[in-house]
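> fold the stuff below for me.
(one chain, ligands or ions: 1)
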Amino acid sequence: MTTPRRALLAHIEFLHESGNLYVEGLGEPELEAIATSGASNRISSRPDRRATPKTKTPRTATTKAETPEPAAPISKAPMPAVNLTFDERAERLAKAARAVDECTKCELCKTRNKTVFGDGGAGARLCFVGEAPGAEEDRTGVPFVGRGGQLLTKMIEAIGFERAEVYICNTIKCRPPQNRDPTPSEKEACRPYLEEQLRTLGAQIIVAVGAHAAGYLTGVQSSLGAMRGKWHEFEGIPVMVTYHPAFLLRSPGFKGKAWEDMQMLAARYNELNPTDRREIWHKASK
Ligand code: SF4
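Take a look at the predicted model:
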């Protein structure tokens, strides 16, 4: 489980990498020095207590299409079955995971090593959805592991959540061979599992990670740059779009924009949860 100290380090590191905190030659020693100095007190690791971010010149110019728009009306009870107890949610998710393990609805069942259902607590209301498992995920059965997964975890921790406090999954649960794009029929075959996950969790906000997930969830066929910075919907649930961590690893200049996305997410989360009740959602999992 992520410690507050580790969350703080991740927060500082991501702020630095995204251009929102500048520390010359930032490395582990410098991070430790910041974390143990009074300077860290000015950086909150909880979205409901965070300091207002300082205005910084972004590393890349913001285009008109990427300018954040006013939030869409908030859906507070987006899907049915949101009044489940924690145990009922855990049970339904486990049942769906077993169904996925045995699923042969599309050709991907023939080439997968492990199904990759999802990762996170049954109390999570914030769901990160990527496109499809990769090689490492297929080997481990866990979504978003490896370097990309570590960066996504860092992004999550940077706004004050532990990875275990959110839910992470993909639009499809089996790896396409050679990481090819899933076909429309494969996506359609797998859609009920994603819907079951989101319905069971009573997802409050979905984060579409990467262009493919964004297009699938929102039905909007556009560039990710044009889709981010505004709210979309999936079955009445607000959807925010951000860059895939694998892309950010290849193009670190976009981390500043990813940080803007995470700030937008934290603001919406605070709006929906004026009193943060995560500790209640998750107490059954401790
Ligand atoms: S990708 Fe989805 S529909 Fe296809 S076999 Fe795997 S679990 Fe079943």
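
> list the contacts of Gly215.
Counting by C-beta atoms under 8 Å, 6 or more residues apart in numbering, Gly215 touches 221-222. Placement of C-beta: from N, CA and C, glycine included.

> which helix or which strand is home to it?
With elements taken from DSSP states H and E, the one containing Gly215 is helix 211-218.

> what about the chain, any weak spots by pLDDT?
The chain contains residues with pLDDT under 70 at 1-82, 276-286.

> spell out which parts of it neighbour the ligand.
For the chain, the contact set with the ligand under C-beta under 6 Å from any ligand atom comprises 100, 103-106, 108-109, 115, 172-174, 186, 189-190.

> just the buried ones out of those residues, please.
100, 103, 105-106, 108, 115, 172-174, 186, 189-190 (16 or more other C-beta atoms under 10 Å).

> columns secondary structure on top of the residues of the chain next to the ligand, output as a markdown table?
What follows is the residues of the chain next to the ligand, written out as a markdown table (DSSP: H, G, I helix; E, B strand; the rest coil):
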| residue | secondary structure |
| --- | --- |
| Val100 | helix |
| Cys103 | coil |
| Thr104 | coil |
| Lys105 | coil |
| Cys106 | coil |
| Leu108 | helix |
| Cys109 | helix |
| Thr115 | coil |
| Ile172 | coil |
| Lys173 | coil |
| Cys174 | coil |
| Glu186 | helix |
| Ala189 | helix |
| Cys190 | helix |
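
> hang on, the earlier thing: what's the next secondary structure element after the helix holding Gly215?
Following helix 211-218 in sequence, per DSSP H and E, is helix 224-227.

> so which of the residues of the chain next to the ligand is the closest to Leu126?
Among the residues of the chain next to the ligand, Lys173 lies closest to Leu126 (C-beta to C-beta), at 19.9 Å.

> now the closest one: how far from Gly225?
Separation of Lys173 from Gly225 (C-beta to C-beta, to the nearest Å): 28 Å.

> again with Gln263
17 Å.

> same question for Ile172.
Distance, Ile172 to Gly225, by C-beta to C-beta: 24 Å.

> give the buried residues for stretch 170-180.
Of all the residues in stretch 170-180, those buried under the rule 16+ other C-beta under 10 Å are 170-176.

> can I get it as PDB, trimmed to CA atoms?
Output in PDB follows, covering the C-alpha atoms of stretch 170-180 (Å, rounded to 0.1, in the frame of the first residue of the first chain):
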ATOM      1  CA  ASN A 170      -9.300  -1.800 -20.100                       C
ATOM      2  CA  THR A 171     -12.100  -1.700 -22.700                       C
ATOM      3  CA  ILE A 172     -11.200  -5.300 -23.500                       C
ATOM      4  CA  LYS A 173      -9.900  -8.000 -21.200                       C
ATOM      5  CA  CYS A 174      -7.600 -10.100 -23.400                       C
ATOM      6  CA  ARG A 175      -4.400  -9.000 -25.200                       C
ATOM      7  CA  PRO A 176      -4.600  -8.600 -29.000                       C
ATOM      8  CA  PRO A 177      -1.700 -10.500 -30.600                       C
ATOM      9  CA  GLN A 178       1.300  -8.200 -31.400                       C
ATOM     10  CA  ASN A 179      -0.600  -5.400 -29.600                       C
ATOM     11  CA  ARG A 180      -2.700  -4.800 -32.700                       C
END
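
> so Asn170 sits against Thr115, correct?
No - in this structure, Asn170 is not within contact of Thr115 by C-beta atoms under 8 Å, at 10.5 Å.

> in contact with Thr242: list those residues for me.
Per C-beta under 8 Å, 6+ apart, neighbours of Thr242: 207-209, 228, 258, 261-262, 265.

> I should have written Tyr193 there, sorry.
Tyr193 neighbours (C-beta under 8 Å, 6+ apart): 96, 99-100, 103, 117, 173.
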